[in-house]
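Undergrad: Give me a 3D structure for the following:
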Amino acid sequence: MSEIVFVTWDGGGNVPPALALAGGLADRGHAVRFIGHAAQREPLNRAGFEVIDAPRARSFDAAGPHSMMSFVRTFGDRGMGRDLCATLERRPADLVVVDCFLIGVMDVLRRRGIDFVVLEHLYDAYFRAGVLAGPLALALTASGRRPRRAVAAARSRLLTTLPALDPVDDPQVRQVGPVVDGATVTSEEPLVLVSLSTFGFPRMADCLQRVVDACAGLPDRVVVTTGPMIAPDELRVPAGVEVHRFVPHAELLPHATLLIGHGGHGTTMQALAHGVPVVVMPMDPTTDQPQVGASLEAIGAGRVVAKDASVAELATVIRELAAPGPHRTVAAELAATIRATDAVAAGVAHLEEVLAQPLRA
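TA: Numbers count the residues shown, from 1 in each chain. As a prediction, this is how the structure comes out:
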């Protein structure tokens, strides 16, 4: 049995892959702990994991408003890394798995000579262009961090994306596929699922209202899940549309013929695992969401719509993709690929390979 620590942050879609891998490791008899933001303690405890105190970590809550600078300060924060190191002095770990955004934590581990693996839960193409380069990397560098140097110090990078959408050729990367469950789509009661982010992006309620308006009159059942950021009673709801705060997508996607989402990697891959095409309305151009949408559009399994698209523009795209067509064939092919892999088992096997390797001097 090995001691393993996952380092995470309160982002949303970054957490489920970490939890799934942690669960797979625990099932193999390893002792797994987490360290993250204070808001994550309760859900991580509820998932059955011990959570390490992080009193020096910068405060961050997915529900709050955030600017580019707040992300820079959070991702570059060394406080959580120092808390982690203090804990490891009292109770060592055999392996640390760090969320790919937490450059400050990686920087601390690199300086202390502590081995770690990076968990990449988004497209590697975006990670290289949007985290290791671009405005975020420049801002982190200006604050004294070195994103490329920090990531280069990792033993490996565990990537949870689909090769057909995110091809990678990097010896440091082990690509295991999306960490999602899939099921065969049933069409007894076909539905269109509308679900934007659980993260608090600006103007999201207005975007969701326009999507809801554009779904009026669809022949399929339309189910909207608002998540924690938008109250259902904030929306004007036309006939034929159901609005809920939360319904597990695993219950809805087996019946879905279309997902309208924001392009979050986890939700998008969950839809594709069920063979469901996706209309992507990115909420933030600086995230991986536009790239996720563009990859679906390029392969023929979805379309991208602008955040300020009109109701008429949205209605045209939604009706086109809610109807039968080649996009369903492509989505079904991607689903078969995803379901043919066991990303959790592959990820756990890779982490155990790393554990079996001798530590670097």
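Undergrad: Could I get the pLDDT score of residue 202?
TA: On pLDDT, residue 202 comes in at 82.
Undergrad: Can you tell me the SS state at it?
TA: Of the three states, residue 202 takes coil under DSSP: H, G, I helix; E, B strand; the rest coil.
Undergrad: Distance check, it against residue 66.
TA: 9 Å (CB to CB, to the nearest Å). C-beta here means a position set from N, CA and C on the backbone, and glycine is covered the same way.
Undergrad: Repeat that for residue 25.
TA: 31 Å.
Undergrad: In what element of secondary structure is residue 208 found?
TA: If you go by DSSP states H and E, residue 208 is part of helix 204-214.
Undergrad: Mean pLDDT per element in this structure, and the minimum belongs to which helix or strand?
TA: Of all regular secondary-structure elements in the chain, judged by mean pLDDT, DSSP states H and E, the least confident is helix 68-75 with a mean of 88.
Undergrad: Give me the mean pLDDT for stretch 180-187.
TA: For stretch 180-187, the per-residue pLDDT averages 64.
Undergrad: ok, back up a step: by contact count, what packs against the helix or strand just after the helix holding residue 208?
TA: Downstream of helix 204-214, the first helix or strand assigned by DSSP H and E is strand 221-225. Applying 3 or more CB pairs under 8 Å, 6 or more residues apart in numbering; DSSP states H and E, one finds that strand 221-225 contacts strand 191-195, helix 204-214, strand 241-244, helix 249-252.
Undergrad: just the angle between the longest one and strand 221-225, please?
TA: Looking back up the chat, that one is helix 204-214. 180 degrees (axes from the mean of the first three to the mean of the last three CA atoms, to 10 degrees).
Undergrad: Buried residues, helix 204-214. List them.
TA: 204, 207-214 (16 or more other CB atoms under 10 Å).
Undergrad: So which elements touch it?
TA: For helix 204-214, the elements it packs on are strand 191-195, strand 221-225, helix 311-322, judged by 3+ CB pairs under 8 Å, 6+ apart.
Undergrad: and among these, the most buried is which?
TA: Highest mean neighbour count among those (mean count of other CB atoms under 10 Å): strand 191-195, with a mean of 25.
Undergrad: So what touches that strand?
TA: For strand 191-195, contacts defined as CB atoms under 8 Å, 6 or more residues apart in numbering pick out 208, 211-212, 215, 218, 220-225, 227, 249, 252-253, 255-261, 267, 271, 276, 318, 322.
Undergrad: Adjacent strands (with direction) for it?
TA: strand 221-225 (parallel), strand 256-261 (parallel) (DSSP bridges).
Undergrad: Redo those strands as JSON lines? Include distance to residue 60 and mean pLDDT.
TA: Shown next, in JSON lines, are the strands paired with strand 191-195 (distance: least, CB to CB, whole Å; pLDDT from 0 to 100):
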{"stretch": "strand 221-225", "distance to residue 60": "24", "mean pLDDT": "95"}
{"stretch": "strand 256-261", "distance to residue 60": "23", "mean pLDDT": "96"}
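Undergrad: Ok, which of these comes nearest residue 8?
TA: Closest to residue 8 of those is strand 256-261 (CB to CB; 22.2 Å).
Undergrad: now that closest one against helix 311-322, angle please.
TA: 140 degrees.
Undergrad: immediately after strand 256-261, which helix or strand?
TA: helix 265-273.
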